[in-house]
Each structure stands twice: as C-alpha cells, then as structure tokens.
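Trainee: Structure for the following, please:
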Amino acid sequence: MKNLATVISYYSNDERFIRKCITNALAVSDQVIIPVSTHFYDGTPEDLDSVKKLVSEFPEVEFLLFEWSPGKHPRYWNNMSRIIGHSNLSEDIEWVLFLDADEILDIELFNEFKSTPEATMYDTQKLACYWYFREPIFRADAIEDSPVLVRKELVRIDPNNPYIEREQMHEAIQGVTKKRTVMQNNTPMLHHFSWVRTKEQMLQKVSAWSHTSDRGDWADLVEEEFSRPFNGKSFVNNYTFTEVENIFEV
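Mentor: Next up is the predicted model:
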C-alpha cells in the first residue's frame, strides 16, 4: 500500500492522546491532516491556544480550522470534519485512514499490514481496535472496529446523515469489496482510548459527542462511575476487562 493519508478528527478534550496519535500516524502515512472546529459540538469554545501549540510542534501536519455554528447535530460536525480532511488531500493520495484523536496506531503492526497483498485487497476496511475504559490499563476483552481505511475516490460523506459517521465510508458504500475487523497477525492494529478520561473530561465528552441524544442519563452515569473505584464494568457496554500495561504512556 502506497500513498496513504491519515485524517484525524480532533478537539482538545482528546489532548491526552493527540501527540501519540499524530506521531504514530506520521510514521505510517504520506500525509496527515487534522481538521479542528472552533467549538466543541455542544457550543463550548475550543481551546485554540492548545491547538496552536500542536501546530508548532508538528509542522509537517496540516491543521485545518473550520467554523462551528449552532443548530446542527454533533454527527453533522463529525462528518464535516472528515469532509474537510478529504477535500484537502494531495492529488497523489490513493488511500485514506480516518482516525479519531483517541485512536493510536501500532506502528510495527500497521507497517507490516501495509506491505501485505491483503492491505489493498478490499476497497474499504474497518480496522480492529482494542477498547479501553477509565484508565489505559483497563482493556476490554471484546474487539471493536471503528477506524476506516478506504480508497480515496470512494469516499462519500453526507454531513446531514443523523445516524452514521465513518460507516458511511464502509457499510453504506455499495458495489465495492469490504471487510470488517481487519487485523494483522490476528492482532488489532489500533488502540481506542475514547473512554479513558477524568470525570470532567468524560462529562465534556458525553455533552458534546455524537451519541449525546441516544439517552438522557449520560451525565448521571458518569457521576456514578466516579463515585467509586473501577469495578470491572462499563456503563457504555457489557464488556469484561483485562488489566494491561499502559503501552503508550498516555
């Protein structure tokens, strides 16, 4: 696989992970683009000073600031972020990996994967990832597949679709070859730290993320979670967990 770009969706509630996310993406990509909204998707102003620091630290990355306005579902802005990233890809890019800032690549495994025939066998692939909760040492035993690797010319994103985001570039594409839960050496190539947060960060997440309207008690669930030590359960799902090393030191 050649001519790969990575588009990373970012807002500063993910600052804990973004430097490692960028560093590892740069190690496997020919281009890295990070769209950044002027606001969180609940309307809270973004910390643009922290973004400026990232710009100075990673001059090889293209940061693209876009304007937020009220009245749209958070999924609209998640989709717009990826549309903006895709629209600014270099002409020679053939493949696009869509990541969130809390998803960190395993460089060795992903570079192995890129060199295999299987890497380009499918038009779109959902890459398997480990999933973590509360702390980076609590890893779910179940495997998820959030990140999407897709041929550049096949990317179709409707920002007004209120139901799906990255799945628009996988399940919603018709007439192409596709595969889910793609691994290398039977091992996920990514680590997803979406729910590794302090109480304050998790409250910010559930107020601004695209699933905010799925249920009305997110904040109550977060409050209950942090009223005690981790009990081996997640209010997001019914996963069981294994304690592991903090391999990325996040």
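Trainee: Spatially central residue for this protein, please.
Mentor: Centroid check for the chain by CA atoms, centre = their mean gives residue 100 as the closest residue, at 1.8 Å.
Trainee: Just checking, which helix or strand of the chain averages the lowest pLDDT?
Mentor: Least confident helix or strand, the chain: helix 199-208 with a mean of 88, by mean pLDDT, DSSP states H and E.
Trainee: what packs against that helix?
Mentor: Using 3 or more CB pairs under 8 Å, 6 or more residues apart in numbering; DSSP states H and E, the elements in contact with helix 199-208 are strand 190-195, helix 218-225. The C-beta positions use only the backbone N, C-alpha and C, and glycine is treated the same way.
Trainee: Using CSV, lay out those together with distance to residue 27 and mean pLDDT.
Mentor: Formatted as CSV, the helices and strands packed on helix 199-208 follow (distance: least, CB to CB, whole Å; pLDDT from 0 to 100):
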stretch, distance to residue 27, mean pLDDT
strand 190-195, 13, 96
helix 218-225, 34, 94
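Trainee: Most tightly packed of these?
Mentor: Each of the helices and strands packed on helix 199-208 was scored by mean neighbour count; the highest is strand 190-195, a mean of 24, by mean count of other CB atoms under 10 Å.
Trainee: Count the residues that sit near residue 226.
Mentor: Residue 226 is flanked by 16 other residues according to other CB atoms under 10 Å.
Trainee: How about it, nearest residue that isn't a chain neighbour?
Mentor: Take residue 226 and drop its neighbours on the chain: the residue closest to it by CB to CB, 6 or more residues apart in numbering is residue 199, 4.1 Å away.
Trainee: which ones are touching the one you found?
Mentor: Contact analysis of residue 199 by CB atoms under 8 Å, 6 or more residues apart in numbering lists 222, 223, 225, 226.
Trainee: Test my guess that residue 93 contacts residue 152.
Mentor: Yes - contact criterion CB atoms under 8 Å: residue 93 and residue 152 qualify, at 5.3 Å.
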